[in-house]
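Trainee: From the sequence below, what's the structure:
(4 chains)
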There are 2 protein chains.
Amino acid sequence: MAENGHVNPHVRSRQGDDLLVAGNRQRRTTIDDVARSAGVSRQTVSRAINDKAEIDPATRDRILRIAQAMGYRPSRFARAMVSQGVTTLGLVIADVLNPFFPEVTSGVMAAAERQGWQVAVYSTGSVEREQRLASTIADHVDACVGFFLDESAIDRIRLSGIPFVLLDHDHRPPAVGGVRIDFESGIRQALSHLVERGHERIAMLDDRARQDAGAPRTRHSLFLSVAAEHGLPADESWVQPAGNSVHGGAEAMDRLLASRPGVTAVLAYNDLMAVGAMRRALERGAAVPGDCAFVGCDGLMLGELVDPQLTTVHVDKQHLGRAAVEQLAALMSGSRPGETVIVPRLVVRGST
Amino acid sequence: MAENGHVNPHVRSRQGDDLLVAGNRQRRTTIDDVARSAGVSRQTVSRAINDKAEIDPATRDRILRIAQAMGYRPSRFARAMVSQGVTTLGLVIADVLNPFFPEVTSGVMAAAERQGWQVAVYSTGSVEREQRLASTIADHVDACVGFFLDESAIDRIRLSGIPFVLLDHDHRPPAVGGVRIDFESGIRQALSHLVERGHERIAMLDDRARQDAGAPRTRHSLFLSVAAEHGLPADESWVQPAGNSVHGGAEAMDRLLASRPGVTAVLAYNDLMAVGAMRRALERGAAVPGDCAFVGCDGLMLGELVDPQLTTVHVDKQHLGRAAVEQLAALMSGSRPGETVIVPRLVVRGST
DNA sequence: ATGAAAGCGCTAACAC
DNA sequence: GTGTTAGCGCTTTCAT
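Mentor: Next up, the predicted model:
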């Protein structure tokens, strides 16, 4: 956002030649400075800069050269205030390095393009960054779609008043749109499948960064309740916290095998962890799915590239992105905020 | 960028009550509208909105309620013009779905955070989008770092005057900073390795979207010249164009096996294609690396997760991102534009 | 605690 | 072809 070099807007003198006076360094070069330097009106400078027709080519070149020499750059804010720009949609994701988000992004971009909107992607990564981002995003974009964990961050964006659609979140405020993923259905499908395959000792790898583990409808609590429905052993000892990455999954698998050596199937918070865990099991000499089966959540392309291919609770991420933009469009045309639900479907592959 | 609902800035009437008059729909609600409605000065509204101390809590609440009811949202441009904001760095990548870019993004974000800058990521995907983006980006961000193919797009950004660092591009204009990847070194390492392993029929999978195939220093022409140095058969018939994805690599492998059935090693434009090609070869019953060896470019994590693991020309993408931000910082503190060179290193794994 | 005045940097409209 | 005027919507003085 910064207009660089704009230090104290009110020390400006009207004299044109104070630019070089000691102590006055750092003031932004404006269109008026250039105009004065070139001995023309600021309008003529504007014409030159914006390559308008009604200007003498000679003066235009002269002005451009002077502007260049003075390091003049139009203020994008001043410019935006008077002219119309494109609508910019801010997409906030949690982690650039998690391949789940690019597919969502791709869906958002495709849908935004149809609306004639531009997309800017921001990544949070930590609660602090999430809060910082939340407090500035309304200054950068016209509307916001994103994944947020922190309630106060959500509130800040809501209060800014920009159209806002919350993704994969369970406590959507009434004024905000939402796209939810029905993990209850997904986890039900996954566990039914595993039970059908004869598994009786099923563990879960959970994202250790989620603070809301105890809340209803999280993958964590859904796993425990659905497992209990199936009569499986289902207490916290069957849930292993893991870092949200391939590496995190591998490490958690080590811990799981230490604490629950009898485990025959693992449901992971996402595909990244599942792949890491499966890989580690294979490295340790286990047969997959013979000794231990693995199910992920997400349905990443990655799952098809590993061996064995990963069974996963597949979420249509492109659809999620499209739905988010549609919610936003509805919001901006005055509709009341609503919620779209994405229902995952189990894709069975070699890892089970 | 749009300030929504701002239709014709000059039809505004001075009367306060024309808001509801038919035909005047769509005008943006401003701070003055709220002030008038609340019977206070616009300054007091500003105090309420920005939660300043010097205001009666009662009036503040009243104003907030009215503002809310009128759907008032401060103009981010007007606001930015008078106050200071954070510096926003725009990172332009080519394809959200290619895992190469997230790692660069991660490096850029880490370095930008140290500078106190924010990062917004934009994706091009096609030449048209690249050009469109190039013509608006200077209105959105304070500085730009990115991957561009189209010269006219590059020129447009350069002309806008914002600090600009071009990534992985061979025709860097003098006014622009750059971070280059030394693929010559990378391809040399890859081919030496393959030749050492005894390969004599080596093909390349090239990105069919690159128009600059004939230019010097592209992976395409480097492959041909370095292969020739090794005395290998090296003409266009050994270069197979491919879509830039796993799927594209697989398809190209089919074509390659049809046109050059004797091939014993494949060097791919990037890891994505290499993985797709290798996978297709395996599906068709070939042994890897026995019948055919595969080398990628990029060094994605993905390469470690497939079986066999992929030998690759590894590029330190985090470093690339960091270097870009450092170039930018130098540029913004007045240094002359320079160029950083990233030298890849061959990582040998199971696929060769 | 509130208001009035000034000004941010720019472009559209209308002179000349 | 060029200059003058007005105004975008907001915050920062400085008064009251």
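Trainee: going forward, measure contacts and count neighbours with C-alpha atoms only.
Mentor: Noted.
Trainee: What is the burial count for A:V82?
Mentor: 11 (other C-alpha atoms under 10 Å in any protein chain shown).
Trainee: which residue is nearest the centroid of chain A?
Mentor: For chain A, A:I93 is the residue whose C-alpha lies nearest the centre (C-alpha atoms, centre = their mean; 1.2 Å).
Trainee: My guess is that one contacts A:A134. True?
Mentor: No. A:I93 lies out of contact with A:A134 (C-alpha atoms under 8 Å); the separation is 11.9 Å.
Trainee: thinking again about what came up before, the closest residue in space to the residue nearest to the centre of chain A that isn't next to it in sequence and A:I137: what is the separation?
Mentor: Once flanking residues are discounted, A:I93 sits nearest to A:S123: 4.9 Å by C-alpha to C-alpha, 6 or more residues apart in numbering or on different chains. From A:S123 over to A:I137 the distance is 11 Å, taken as C-alpha to C-alpha, to the nearest Å.
Trainee: Looking at these two, which has the bigger crowd around it?
Mentor: A:S123 (25 against 20).
Trainee: Against which helices or strands is the helix or strand harbouring A:L194 packed?
Mentor: According to DSSP states H and E, A:L194 maps onto helix A:183-196. Helix A:183-196 is packed against helix A:219-229, strand A:311-314, strand A:345-347, with contacts defined by 3 or more C-alpha pairs under 8 Å, 6 or more residues apart in numbering or on different chains; DSSP states H and E.
Trainee: Any chance you could list what contacts the next helix or strand after that helix?
Mentor: Toward the C-terminus, helix A:183-196 is succeeded by strand A:202-207 as the next helix or strand (DSSP H and E). Applying C-alpha atoms under 8 Å, 6 or more residues apart in numbering or on different chains, the contact partners of strand A:202-207 are A:219-220, A:223, A:232-233, A:238-244, A:249, A:252, A:263-269, A:273.
Trainee: now, which of those residues lie within helices?
Mentor: Judged by DSSP state H, the contacts of strand A:202-207 include A:R219, A:H220, A:F223, A:G249, A:A252, A:M273 as members of helices.
Trainee: Just give me the closest of the residues you listed to DNA strand D.
Mentor: A:R219 (41.2 Å; C-alpha to the nearest atom of the strand).
Trainee: what sits against that closest one?
Mentor: A:R219 touches A:F183, A:E184, A:I187, A:D206, A:Y269, counting by C-alpha under 8 Å, 6+ apart.
Trainee: Go again with 10 Å.
Mentor: By C-alpha atoms under 10 Å, 6 or more residues apart in numbering or on different chains, A:R219 lies in contact with A:182-184, A:186-187, A:204-207, A:213, A:267-270, A:297.
Trainee: Name the helix or strand for the residue in the stretch 51-200 of chain A that DNA strand C sits nearest to, please.
Mentor: The minimum distance from the stretch 51-200 of chain A to DNA strand C, using C-alpha to the nearest atom of the strand, falls at A:P74 (3.0 Å). Counting by DSSP H and E, there is no helix or strand that carries A:P74.
Trainee: Quick check: it touching A:A48?
Mentor: No. Counting by C-alpha atoms under 10 Å, A:P74 does not reach A:A48; the two are 11.9 Å apart.
Trainee: My read is that A:F147 contacts A:V92, right?
Mentor: Yes. Using C-alpha under 10 Å, A:F147 is in contact with A:V92, at 6.0 Å.
Trainee: out of those two, which sits in the more crowded spot?
Mentor: Taking neighbours as other C-alpha under 10 Å, A:F147 and A:V92 compare with A:V92 leading, 25 against 20.
Trainee: To which secondary structure element is that one assigned?
Mentor: Going by DSSP H and E, A:V92 is in strand A:88-93.
Trainee: hang on, the earlier thing: the more surrounded of A:P74 and A:A48?
Mentor: Counted by other C-alpha under 10 Å, A:P74 and A:A48 do not tie: A:A48 has more neighbours, with 22 against 19.
Trainee: which parts of the strand or helix carrying that one are buried?
Mentor: Secondary structure assignment for A:A48, by DSSP H and E: helix A:42-49. Neighbour counts over helix A:42-49 (16 or more other C-alpha atoms under 10 Å in any protein chain shown) mark A:R42, A:T44, A:V45, A:S46, A:R47, A:A48, A:I49 as buried.
Trainee: Can you show me the strands along chain A?
Mentor: A:88-93, A:118-123, A:143-146, A:164-167, A:177-181, A:202-207, A:239-242, A:265-268, A:293-298, A:311-314, A:339-342, A:345-347 (DSSP state E).
Trainee: In JSON lines: the ones you listed, plus mean pLDDT and distance to DNA strand C.
Mentor: Listed next are those as JSON lines, based on pLDDT from 0 to 100; distance: least, C-alpha to the nearest atom of the strand, whole Å:
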{"stretch": "strand A:88-93", "mean pLDDT": "97", "distance to DNA strand C": "19"}
{"stretch": "strand A:118-123", "mean pLDDT": "97", "distance to DNA strand C": "20"}
{"stretch": "strand A:143-146", "mean pLDDT": "97", "distance to DNA strand C": "22"}
{"stretch": "strand A:164-167", "mean pLDDT": "98", "distance to DNA strand C": "27"}
{"stretch": "strand A:177-181", "mean pLDDT": "97", "distance to DNA strand C": "33"}
{"stretch": "strand A:202-207", "mean pLDDT": "97", "distance to DNA strand C": "46"}
{"stretch": "strand A:239-242", "mean pLDDT": "97", "distance to DNA strand C": "50"}
{"stretch": "strand A:265-268", "mean pLDDT": "98", "distance to DNA strand C": "53"}
{"stretch": "strand A:293-298", "mean pLDDT": "98", "distance to DNA strand C": "46"}
{"stretch": "strand A:311-314", "mean pLDDT": "98", "distance to DNA strand C": "48"}
{"stretch": "strand A:339-342", "mean pLDDT": "97", "distance to DNA strand C": "39"}
{"stretch": "strand A:345-347", "mean pLDDT": "98", "distance to DNA strand C": "51"}
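Trainee: okay, the ones you listed in CSV with distance to B:A227 next?
Mentor: Formatted as CSV, the strands of chain A follow (distance: least, C-alpha to C-alpha, whole Å):
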stretch, distance to B:A227
strand A:88-93, 43
strand A:118-123, 41
strand A:143-146, 48
strand A:164-167, 50
strand A:177-181, 51
strand A:202-207, 48
strand A:239-242, 46
strand A:265-268, 45
strand A:293-298, 42
strand A:311-314, 42
strand A:339-342, 51
strand A:345-347, 44
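Trainee: These: which one's closest to B:P57?
Mentor: With C-alpha to C-alpha as the criterion, B:P57 lies closest to strand A:164-167 of these, at 27.6 Å.
Trainee: what's the distance between A:A53 and DNA strand D?
Mentor: Counting by C-alpha to the nearest atom of the strand, to the nearest Å, the separation of A:A53 from DNA strand D is 7 Å.
Trainee: Right, I'll leave it there.
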